[in-house]
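# need a structure here:
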Amino acid sequence: GSSWNNCDFETNLCEVFPEFSLQPGWIRRNGQSGMGPPYSDHNGNESAYFLSLSSEMQSSSAALRTSIFLPTDEHLCQIRFRYWVSQMSGAFMVGLQKHSEDSVTDIWQVSGELRNQWNVNTITINSTEKYEV
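Numbering: from 1, shown residues only. Prediction:
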């Protein structure tokens, strides 16, 4: 059977993102924080929390790293996430790092289109070894 781990950032960073993965630039906030759009989550809830890049980070990059996932020998891993892109430049990328490799392989990215609205995407991961996303 499939097991779902749902992360909504309401109380913390969830099990998916360890506390130390929140690198400088990432903040946990909601639409009422006075930091500009988005002013609500994808359901229109102004008090619901999400992760956001602070405005000072617009010229540099910041990563989020998941916990270690086990090999996907028996089940594929699907990660479904919602995202909001507001600024004109830059890209939002998802990378895969297998434990035998030093480098991160980009497996999905978006830039430019679908700005200033919540979008949803699902990526499927197949790995015969432990990995991080």
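
# who's in contact with the residue lying closest to S47 once chain neighbours are set aside?
Nearest residue to S47 in three dimensions, chain neighbours excluded: N30, at 5.4 Å (C-beta to C-beta, 6 or more residues apart in numbering). Placement of C-beta: from N, CA and C, glycine included. Each residue near N30 by C-beta atoms under 8 Å, 6 or more residues apart in numbering is listed here: 41, 46-50.

# now restrict the residues you listed to buried residues only.
Buried members of these, counted by 16 or more other C-beta atoms under 10 Å: 41, 48-50.

# is it fair to say E56 lies in a helix?
Yes. Under DSSP: H, G, I helix; E, B strand; the rest coil, E56 sits within a helix.

# surely it is in contact with G25?
Yes. Using C-beta atoms under 8 Å, E56 is in contact with G25, at 7.5 Å.

# compare the two and say which is more crowded by neighbours.
Using other C-beta atoms under 10 Å, the more surrounded residue of E56 and G25 is G25, with 17 against 9.

# and the more buried one, how far from L53?
Distance of G25 to L53, computed by C-beta to C-beta, to the nearest Å: 6 Å.

# what residues are shared contacts of these two?
A62.
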